[in-house]
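Q: I'll drop the sequence and a predicted model, then ask my questions.
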Amino acid sequence: MDMDQVVIDMTKELNEKNILDNVKVPILKGYEELEFSGTIFTAASITDSLEQFLCDGIITEPFEEHIEKVIKDTLEAMKEGKLEVNDNTIFYLSDYHTKDFYFKVYVQDNIGEGMIIRQFNMYFMDPKTNAFYQLSLTTAPYPTSQMEYVTNEFSHKMLPTLKSLMDQVHY
């Protein structure tokens with residue numbers, strides 16, 4: 001590799017780090033950060049729920065188009081992981097605006113081996129850099145016999161936490 005390519009690669013790496021450091025996402029109270037590759041951070045609570053923060057980098061396609069691509073890729077990964085996939089596996093929940101960001105919130109039900117894990121995916125873009133982010137909050141595993149509880153009462157109880165988390169994302 002020649003010196004010009006080394007400089008280009010180092011500059012790209014520094015720019016990516018600056019982009020990732022641009023957006024601040026809190027780790028929820030009671031969650032501890034874990035070593036987990038592929039995420040900016042992953043944190044777990046003592047109840048086995050997870051908070052994850054990921055970045056796809058700078059995108060060139062429209063925000064909604066990239067979300068569709070992410071969902072399609074997620075569904076494929078779920079199939080490969082032998083999880084149940086149907087028309088309601090991932091569905092749109094709501095839009096949410098904060099002073100800095102516009103979020104699109106989706107719900108993902110990971111069902112397999114008699115268990116359900118509900119995941120709330122909050123997608124947003126940094127308007128300053130066009131970096132695409134995913135902030136996820138995942139419930140602990142529940143037996144599918146408690147599906148109604150997870151999809152109704154428990155999910156309803158999670159909404160204030162989701163809103164609070166999104167409100168705390170800032171520059």
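A: Now that the structure is in, tell me what you want to look at.

Q: Could you pull out the helices in this protein for me?
A: 3-22, 63-80, 147-149, 155-167 (DSSP state H).

Q: Any idea which of these has the lowest pLDDT on average?
A: Across the helices of the chain, helix 3-22 has the smallest mean pLDDT, namely a mean of 58.

Q: Report the beta-bridge partner residues of residue 124.
A: In this entry, residue 124 is beta-bridged to residue 103, residue 133, by DSSP bridges.

Q: Quick one: neighbours of it, just the number.
A: Residues lying near residue 124 (other Cβ atoms under 10 Å) number 23. C-beta: built from backbone N, CA, C; applies to glycine.

Q: State the distance from it to residue 53.
A: Noted for residue 124: a distance of 11 Å to residue 53, by Cβ to Cβ, to the nearest Å.

Q: Now the common contact residues for the two.
A: Counting by Cβ atoms under 8 Å, 6 or more residues apart in numbering, the shared contacts of residue 124 and residue 53 are 133, 135.

Q: Once you drop chain neighbours, what's closest to residue 23?
A: residue 126 (5.6 Å; Cβ to Cβ, 6 or more residues apart in numbering).

Q: Would you confirm that the one you found contacts residue 22?
A: Yes: Residue 126 lies in contact with residue 22 (Cβ atoms under 8 Å); the separation is 6.1 Å.

Q: of those two, who's got more company?
A: The neighbour comparison of residue 126 against residue 22 (other Cβ under 10 Å) goes to residue 126, with 18 against 13.

Q: That's all I had, so thanks and see you.
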